[in-house]
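Student: For reference, the sequence and a predicted model appear below.
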Amino acid sequence: MAVVNIRKKEVQIKIVYVGPGRGGKTTNLEYLFSKIRHRIESDMVSIKTQGDRTLFFDFLPFELGQIQGYQIKTQLYTVPGQVKYNATRKLVLKGVDGVVFVADSMVAMREKNIVALKNLEENLAFYDIDLYDRFPIILQYNKRDLAENGIDILDVDTLQQDLNARLQAPFYEASAVNGVNVIATAKKAISTTIVSIQEHLG
């Protein structure tokens, strides 16, 4: 749940990018960092885990509006997607307020997307969070640009059926490498999370 700092009059929200390994989570945050660098006071922190080319986490605080007179500070994290790093994923999800699920559009990744979403459900349940009970989540169908290179990608209807039939969450077709819908995804994740927090605060 969001951390409230009464002295600073600040609400800190935590959004975590999850999804299968090498699906584009880190690329999303690196693109965001490059575009809003002037609004970020600290450097992006990366801790690399052995054998995993994905960043352990990225830390991007930036300001966005207010909740009941309190400034909002947003933290964005990635988690490693590989199966063997589940303990790390679970740890990073502690205190999460919202999630961006980055799905890999390649046909070859269909099953890994489904497994990753199931893993997210299980890890959130560890913290007594029900993914399907109005939890703030945005889906991003990444790597749509690969079709231009002759690589087989899943159509949106299939991705929706696999990942979003039950969630009914907002989704974006994206190319993190080219920056297509990267900022839109982040903005939607932040605004959806803020609305959820405001509802909880009454």
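Tutor: Right, received. Where do you want to start?
Student: buried residues in the helix or strand hosting residue 192?
Tutor: For residue 192, the element it lies in under DSSP states H and E is helix 182-201. Residues of helix 182-201 classed as buried: 182, 185, 186, 188, 189, 190, 191, 192, 193, 194, 196, 197 (neighbour count, 16 or more other C-beta atoms under 10 Å). From N, CA and C alone the C-beta is placed, and that goes for glycine too.
Student: And the contacts of that helix?
Tutor: Under the criterion C-beta atoms under 8 Å, 6 or more residues apart in numbering, residues 1-2, 11, 13, 15, 28, 31-32, 35, 64-65, 67-68, 72, 74, 76, 97-100, 134-138, 140, 170, 172, 174, 176 lie in contact with helix 182-201.
Student: cool, stretch 115-135 as well?
Tutor: By C-beta under 8 Å, 6+ apart, stretch 115-135 touches 18-20, 23, 81, 83, 86, 89-90, 93-94, 96, 98-99, 101, 103, 137, 163, 166-167, 196.
Student: my guess is residue 154 contacts residue 112, does it?
Tutor: No. Checked against C-beta atoms under 8 Å, the pair residue 154 and residue 112 is beyond contact range at 11.7 Å.
Student: who's more crowded, these two?
Tutor: The neighbour count for residue 154 versus residue 112, taken as other C-beta atoms under 10 Å, is higher for residue 154 (23 against 20).
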